[in-house]
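Peer 1: coordinates for the following, if possible.
(2 chains)
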Amino acid sequence: MNSQTTKVLSLLVGAILIATLPFWAGDQYQLHLAALIAVYWILIAGLNLVVGFTGQLSIGHVGLLSIGSYTFAILAGKMGVDPTLSVFVSGLLGGLCGLALGLPSLRLPGFYFAMATMAFSMIVNEIVLAQVDLTGGGIGLPGPMFPKPFDSPIGFYYLVTAIALFVTWLTWNIARRMWGRAFISIRDNPVAAQAVGVPVFKAKLLAFVFSGITAGVSGAVFASLQSYITPDTFVFELSMFFFVCIIIGGRGSIIGPFLGTVVLTALPELVSPLAKLGNFFYGLLLLVVVLVVPEGIGRMFEIISERLRPRIVHREPITPDLNRLAKALKGHE
Amino acid sequence: MLTVIVTGLAIGMLYASIALVYNVMFSTSKVLSVTTGHLSMVGGVFGAYIISVLQMHWLWGLLGAVLAGATFGWLTDVLAIRRVLARSDEHLWLLSTLALATMVQQGVGLWWGTEPKPFPRLITQEFGAGLMDQKFWLPIGMAIVMTIGLEFFYRKTMYGKVFIAMSEDAFAARARGVSTDKIRLLSYVLSGALGGLAGFAAGQLTFAFFALGHTLTLLGFIALAVGGLGSNIGALIGGAALGLLNSFASYYFGGEYQQTIAVGLLMVVLLIKPEGLLGAKNVRPV
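Peer 2: Numbers count the residues shown, from 1 in each chain, chains lettered A, B, ... in the order given. The predicted structure follows:
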């Protein structure tokens, strides 16, 4: 069995597992958890392009998630706009806010950029708390349900999974073509990238606005999934969680952060002592990964598999033809 | 009006102290640590714990806060900085210090509780003292003492000069026989002690609250960026400007938009004078 068939086979198994999950999931709560993973993945898939591929350490995406959520809750809940349309508006607004945040902050180097995005998430929370008439302040807003086929937990699960798959397909397309190469070159060496003609700022902005759109869409379905949102939902630690998922999964890959999201969302729910530690556990995990395998867990698997099944290196020893050499040397004289 | 100015100066001086702590760490390692604000948080919480819970004299509380901060500073270097600097990837220290900051914040939250708890009075004083209240003058005095002390340390002592040498050129300092690893560790312990001290002095203003860290990290960084990276006087000016701006803004527009205004100040300074008010031109980070 070569690696191509393995890949196709594992993809097929994964697709079947995802499609049939409502039928073998034990209870409603596990289905809710699966939907939550899909919702988080919508955001993380976009953020992965910024953090994992372009190397811009944004720790403020919870602000964009919050904007998407409140847009959806206000439009679909308070004003009675069609929920499907509201999702699009949430994504659009998320993209616009990503543009507004990215235009000044993407020019800043590492730590400055991280601080600017962190400040952005704090500002969003502050404005949400202050604008009581619009957002309900500290009391919060109910997140409306989707219309008919998607109003049950199973229907909702299929809806978010479809969106998540679509977003994954988009990011996969971006990541393996021209723009993806440009992103990776910016992450690894911005000066060299500029020297070979990559529009550095434009590429960064593109990745960031795309992640803003996915964050907005993710926020909209997040509001519907949680059914009630308050400013306390969008704490800074949630941003940290998104970030940890990507770093643990490994930079520059799509499947790695996806596994990171699944494991990190499910683990604290299934192993109850971890839930009590919560963010302490995420911090510890991040520290261990950064110190031990900075390339992410995905790289660790590669190393282990190489140990188990070493690549066969063909050795072609060169035996010198001494007679010919001697003849050639003699001929010269 | 005078109240607004004094309140603003007091909170601004706390930001200035944190900016000073950033400077101490940055001078030897060129790292801006996310744990900086958490150092002060730890100082405040430990001070409150020793005085209120253990019922000991406030001098012991001061000692405990400084020791807790210094230990945390030492841990920062050992866990989050040492191995990462050896790898020479500039993004990694941001991740490792962020991870450590989160762990300490959650650890303190689990142990101390998630509610802000009042910080005890250090000097017996009436609560109606108004402008002369110790909660305003302690952080202001502490920041000024810290600045003078640091300037003295940098100019008059051997270790201070070694710090400056390392901030100018770490490789050259190493070539001249300076044990750069030891000096960096020393600077982290020193910055931890200073951070603990600042958190202790401003405890009555901020309360002993586990979630202060990230806010202080951000606002201290803004004070630093406004004043100029690497300059101690600049840190004082930046902190004062930020604190005054915040208190005047909440006086005129209400207190809801404090962070927004602080970040607005940062953006304006970065646009007009990217190296900060007193920052050196050649270390232009933007």
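
Peer 1: what pLDDT does residue B:286 get?
Peer 2: For residue B:286, the pLDDT comes out at 43.

Peer 1: which strand or helix spans residue A:218?
Peer 2: Taking DSSP states H and E as the definition, residue A:218 sits inside helix A:200-226.

Peer 1: how distant is that helix from the center of its chain?
Peer 2: Helix A:200-226 sits 10 Å away from the centroid of its parent chain (Cα atoms, centre = their mean, to the nearest Å).

Peer 1: likewise for stretch B:190-210?
Peer 2: 8 Å.

Peer 1: who are the contact partners of the nearest residue in space to residue B:80 that is not next to it in sequence?
Peer 2: Excluding the flanking residues, the one nearest residue B:80 by Cβ to Cβ, 6 or more residues apart in numbering or on different chains is residue B:96, at 3.9 Å. (Each C-beta comes from the backbone N, C-alpha and C, glycine too.) With contact set as Cβ atoms under 8 Å, 6 or more residues apart in numbering or on different chains, residue B:96 has these partners: A:286, A:287, A:290, A:291, B:79, B:80, B:81, B:84.

Peer 1: just say helix, strand or coil for residue B:96.
Peer 2: Three-state call for residue B:96 (DSSP: H, G, I helix; E, B strand; the rest coil): helix.

Peer 1: ditto for residue A:295
Peer 2: What three-state DSSP gives for residue A:295 is coil.

Peer 1: OK, contacts around the residue nearest to residue A:210 when sequence neighbours are not counted?
Peer 2: Spatial nearest neighbour of residue A:210, excluding adjacent residues (Cβ to Cβ, 6+ apart): residue A:46 at 5.7 Å. Shown in contact with residue A:46 (Cβ under 8 Å, 6+ apart): A:167, A:171, A:210, A:211, A:212, A:213, A:214, A:215, A:218.

Peer 1: determine the angle, from 0 to 180 degrees, between the host helix or strand of residue A:46 and helix A:200-226.
Peer 2: Assessed by DSSP H and E, residue A:46 sits inside helix A:28-48. Orientation check (axes from the mean of the first three to the mean of the last three Cα atoms, to 10 degrees): helix A:28-48 against helix A:200-226 gives 170 degrees.

Peer 1: tell me the helix or strand right after helix A:28-48.
Peer 2: Following helix A:28-48 toward the C-terminus (DSSP H and E): helix A:61-72.

Peer 1: what's next to the helix or strand just after that following helix, contact-wise?
Peer 2: Per DSSP H and E, the first helix or strand lying C-terminal to helix A:61-72 is helix A:83-105. Residues outside helix A:83-105 that contact it (Cβ under 8 Å, 6+ apart) are A:60, A:63-64, A:67-69, A:71-72, A:75-76, A:81, A:112-113, A:116-117, A:120, A:144-147, A:204-205, A:208-217, A:219-221, A:224, B:267, B:270-271.

Peer 1: one more time with 7 Å, if that's ok
Peer 2: In this structure, residues lying in contact with helix A:83-105 by Cβ atoms under 7 Å, 6 or more residues apart in numbering or on different chains are A:64, A:67-68, A:71-72, A:75-76, A:113, A:116-117, A:120, A:144, A:146-147, A:205, A:208-209, A:211-213, A:215-217, A:219-220, B:267.

Peer 1: which among the residues you listed count as buried?
Peer 2: A:64, A:67-68, A:71-72, A:75-76, A:113, A:116-117, A:120, A:144, A:146, A:205, A:208-209, A:211-213, A:215-217, A:219-220 (16 or more other Cβ atoms under 10 Å in any protein chain shown).

Peer 1: for the stretch 101-250 of chain B, which residues are neighbours of chain A?
Peer 2: Within the stretch 101-250 of chain B, the positions near chain A by Cβ under 7 Å from any Cβ of the partner chain are B:102, B:103, B:106, B:107, B:214, B:218, B:221.

Peer 1: does the fourth one touch residue A:280 like I think?
Peer 2: Yes - between residue B:107 and residue A:280 there is a contact at 6.1 Å, judged by Cβ atoms under 7 Å.

Peer 1: hmm, back to that, what about the residue nearest to residue A:210, distance to residue A:246?
Peer 2: Counting by Cβ to Cβ, to the nearest Å, the gap from residue A:46 to residue A:246 is 11 Å.

Peer 1: now stretch A:265-277 - C-alpha only, PDB.
Peer 2: Extracted as PDB, the C-alpha positions of stretch A:265-277 are listed here (Å, rounded to 0.1, in the frame of the first residue of the first chain):
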ATOM      1  CA  THR A 265     -11.800  20.800  22.900                       C
ATOM      2  CA  ALA A 266     -12.700  17.300  23.800                       C
ATOM      3  CA  LEU A 267     -10.000  16.400  26.400                       C
ATOM      4  CA  PRO A 268     -11.100  18.800  29.200                       C
ATOM      5  CA  GLU A 269     -14.700  17.600  28.700                       C
ATOM      6  CA  LEU A 270     -13.900  13.900  28.800                       C
ATOM      7  CA  VAL A 271     -11.200  14.000  31.600                       C
ATOM      8  CA  SER A 272     -12.800  15.900  34.400                       C
ATOM      9  CA  PRO A 273      -9.700  16.800  36.500                       C
ATOM     10  CA  LEU A 274      -8.400  18.700  33.500                       C
ATOM     11  CA  ALA A 275     -11.600  20.800  33.300                       C
ATOM     12  CA  LYS A 276     -10.900  22.200  36.800                       C
ATOM     13  CA  LEU A 277      -7.400  23.200  35.800                       C
END
